[in-house]
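**Q** No letters, just coordinates:
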Ligand SMILES: [Zn+2]
Ligand SMILES: [Zn+2]
């Protein structure tokens with residue numbers, strides 16, 4: 001009994017120090033830096049590297065370490081498991097994924113409104129938006145994170161991080177699965193989901209988005225992931241920033257091991273006067289742990305729901321036939337409408353970074369430009385000023401996806417009935 005009391009104390013003090021962001025005291029009390037980072041991710045440290053080994057309380061193990069895994073099962077996450085859990089990007093791309101058409105783009109040709117009389121043309125790569133696609137997974141994560149953000153925004157009628165009456169601000173919590181239940185991820189995932197749902201409810205979570213992580217990685221969290229910049233013209237993630245984010249993150253990827261846990265982003269209203277109704281009270285968290293072995297860690301309110309969601313999606317569990325993002329409680333598909341959300345937002349059209357006009361499909365067609373010059377009676381005086389040399393390839397040949405300011409010659413809007421290639425790649429049909 002005494003040990004239990006002590007461990008509860010140890011658990012509470014370490015968590016308090018974590019919440020106070022006091023790493024030096026956390027270490028003084030016997031916590032390791034890696035443990036700190038693990039708590040940040042809601043991951044249970046491996047046995048033998050526990051938080052507790054302060055000499056005087058050597059035998060007491062904080063309750064959230066009790067479901068410690070006896071083995072660290074390393075996984076080759078780059079190997080595609082057709083029937084199992086994968087990380088994003090380790091599947092197979094479709095032939096068209098990432099393809100660019102340098103003769104086509106979304107553009108603004110209003111040279112009179114642009115500096116130096118240039119036109120703006122954006123090359124857009126073909127994408128399948130699948131989590132498993134090694135070419136398109138970043139776009140999948142970015143788009144999915146946007147959907148998650150929208151669902152919160154439609155309730156707060158403000159930014160996603162704002163409070164909703166009766167619910168408060170969205171928080172990030174992690175529920176870790178004890179070793180004894182880890183096998184559920186293979187053939188009984190629905191059972192595991194139901195358990196998580198029940199545990200979330202017991203912890204005081206009223207409604208949330210749930211992202212499952214089958215694996216953890218010791219190198220993943222040495223640096224706080226940087227925020228991905230938002231492209232002001234679309235409200236979408238900035239492409240360069242997105243690429244840089246992933247290249248930095250991928251540098252850290254080392255060894256992954258099996259350690260199932262669930263990330264929860266949602267509402268867990270606090271009621272400090274009535275502990276019964278309050279979320280994440282030490283009593284609740286500790287009784288959940290005693291009864292089920294599951295560990296609930298509250299990581300607090302979010303600076304950015306979208307960035308948090310994106311980071312969690314970037315190493316989420318992906319499995320054929322299972323949704324990567326699910327919603328529980330009052331945010332579940334069945335209940336969401338009862339919260340009186342705003343209607344779905346329409347996607348914001350891309351606009352010109354200079355004159356803010358909506359971008360329209362454009363095409364590289366130097367021949368057409370010449371024939372207009374030749375046959376326009378108004379402008380025609382002599383052929384001397386015309387460039388009749390062989391029209392070259394698009395100046396965007398060989399460029400990567402993104403927006404470019406270029407000379408206007410050769411670009412035009414589409415004619416009626418004309419269409420650029422669709423950038424959405426679908427599963428090739430095998431006829
Ligand atoms: Zn793809
Ligand atoms: Zn413009």
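**A** Yep, it's here. Bear in mind that the values here come from a model prediction, so they are computed numbers and not experimental data. Numbers count the residues shown, from 1 in each chain. Ligands and ions are numbered 1, 2, ... in the order given.
**Q** So for this protein, the centremost residue is which one?
**A** residue 310 (1.5 Å; Cα atoms, centre = their mean).
**Q** Next, the contact list for that one, please.
**A** Neighbouring residues of residue 310 by Cβ atoms under 8 Å, 6 or more residues apart in numbering: 141-142, 145, 228, 237. Any C-beta I mention is one placed from the backbone N, CA and C, and that applies to glycine too.
**Q** Identify those among those residues that sit within helices.
**A** Counting by DSSP state H, the contacts of residue 310 place 141-142, 145 in helices.
**Q** Just the buried residues of those residues.
**A** Among those, those buried by neighbour count (16 or more other Cβ atoms under 10 Å) are 141-142, 145.
**Q** Which one of those residues is nearest to ligand 1?
**A** Checking these against ligand 1 by Cβ to the ion gives residue 141 as the nearest, at 12.5 Å.
**Q** Now do residue 354 against residue 102, distance only.
**A** 22 Å (Cβ to Cβ, to the nearest Å).
**Q** just the helices in the stretch 1-150 of the chain please.
**A** 2-19, 23-28, 33-41, 137-156 (DSSP state H, counting those that start in this stretch).
**Q** what's the answer for the stretch 251-400 of the chain, then?
**A** Secondary structure of the stretch 251-400 of the chain (DSSP H, counting those that start in this stretch): helices located at 282-292, 305-314, 366-375.
**Q** Ligand 1 contacts on the stretch 151-300 of the chain?
**A** Residues of the stretch 151-300 of the chain lying near ligand 1 by Cβ under 5 Å from the ion: none.
**Q** Pass me the low-pLDDT residue ranges in the stretch 151-300 of the chain, would you?
**A** 218-227, 232-235, 249-254 (pLDDT under 70).
**Q** which residue ranges form the strands in it?
**A** 170-176, 207-217, 230-231, 236-237, 256-267, 295-301 (DSSP state E, counting those that start in this stretch).
**Q** Compare those and give me the one nearest residue 287.
**A** Nearest to residue 287, of all these, is strand 295-301, at 10.5 Å by Cβ to Cβ.
**Q** Strand partners (parallel or antiparallel) of the closest one?
**A** In the sheet, strand 295-301 lines up against strand 170-176 (antiparallel) (DSSP bridges).
**Q** and the residue of the stretch 301-431 of the chain found nearest ligand 1, what are its phi and psi?
**A** Closest to ligand 1 within the stretch 301-431 of the chain is residue 425: 5.7 Å, counting by Cβ to the ion. The phi/psi pair for residue 425 (degrees, to the nearest 10) reads phi -90, psi 130.
**Q** is it true that it touches residue 96?
**A** Yes - Residue 425 lies in contact with residue 96 (Cβ atoms under 8 Å); the separation is 4.4 Å.
**Q** Tell me which of those two has more neighbours.
**A** Shown here are residue 425 and residue 96; by other Cβ atoms under 10 Å, residue 425 has more neighbours (22 against 18).
**Q** okay, that one: pLDDT?
**A** With respect to pLDDT, residue 425 scores 93.
**Q** what's near enough to touch it?
**A** Taking Cβ under 8 Å, 6+ apart as the test, what residue 425 contacts is 94, 96-97, 99, 126-128, 136.
**Q** Filter those to keep only those in contact with ligand 1.
**A** On the criterion Cβ under 5 Å from the ion, 97, 128, 136 are the entries of the contacts of residue 425 that sit beside ligand 1.
**Q** Give the closest residue to residue 111 in space, chain neighbours not counted.
**A** Distances taken as Cβ to Cβ, 6 or more residues apart in numbering place residue 117 nearest to residue 111, at 4.6 Å, with adjacent residues excluded.
**Q** Also residue 144?
**A** residue 313 (5.5 Å).
**Q** so how far is residue 146 from that neighbour?
**A** Note on residue 313: its distance to residue 146, by Cβ to Cβ, is 11 Å.
**Q** In contact with the closest residue to residue 116 other than its chain neighbours, which residues?
**A** Spatial nearest neighbour of residue 116, chain neighbours left out: residue 405 (7.9 Å); criterion: Cβ to Cβ, 6+ apart. Going by Cβ under 8 Å, 6+ apart, residue 405 touches 114, 116, 118-120.
**Q** Identify the residue with the minimum pLDDT among those residues.
**A** residue 116 (92).
**Q** quick one: that residue and residue 324, what's the gap?
**A** For residue 116, the distance to residue 324 - Cβ to Cβ - is 45 Å.
**Q** who has more neighbours, these two?
**A** residue 324 (18 against 7).
**Q** out of everything not next to it in sequence, what's closest to the more buried one?
**A** Nearest non-adjacent residue to residue 324 (Cβ to Cβ, 6+ apart): residue 316, at 5.1 Å.
**Q** neighbours of that neighbour, just the number please.
**A** 23.
**Q** Test my guess that it contacts residue 215.
**A** No - between residue 316 and residue 215 there is no contact under Cβ under 8 Å: 9.9 Å.
**Q** Mutual contacts of those two, please.
**A** Taking Cβ under 8 Å, 6+ apart as the contact rule, residue 316 and residue 215 both touch residue 87.
**Q** list the contacts for residue 400?
**A** Shown in contact with residue 400 (Cβ under 8 Å, 6+ apart): 100, 123.
**Q** before we move on, back to that, quick one: the residue nearest to residue 324 and residue 98, what's the gap?
**A** Taking Cβ to Cβ, one finds residue 316 at 21 Å from residue 98.
**Q** sorry, back to before: let me have the strands of the stretch 151-300 of the chain in CSV, adding distance to residue 158 and mean neighbour count as columns.
**A** Conversion of the strands of the stretch 151-300 of the chain to CSV gives the following (distance: least, Cβ to Cβ, whole Å; neighbours: other Cβ atoms under 10 Å):
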stretch, distance to residue 158, mean neighbour count
strand 170-176, 12, 24
strand 207-217, 17, 24
strand 230-231, 16, 16
strand 236-237, 20, 20
strand 256-267, 14, 23
strand 295-301, 14, 21
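**Q** what's the closest of the ones you listed to residue 349?
**A** strand 236-237 (10.9 Å).
**Q** packing partners for that closest one?
**A** Other helices and strands packing on strand 236-237, by 3 or more Cβ pairs under 8 Å, 6 or more residues apart in numbering; DSSP states H and E, are helix 137-156, strand 230-231.
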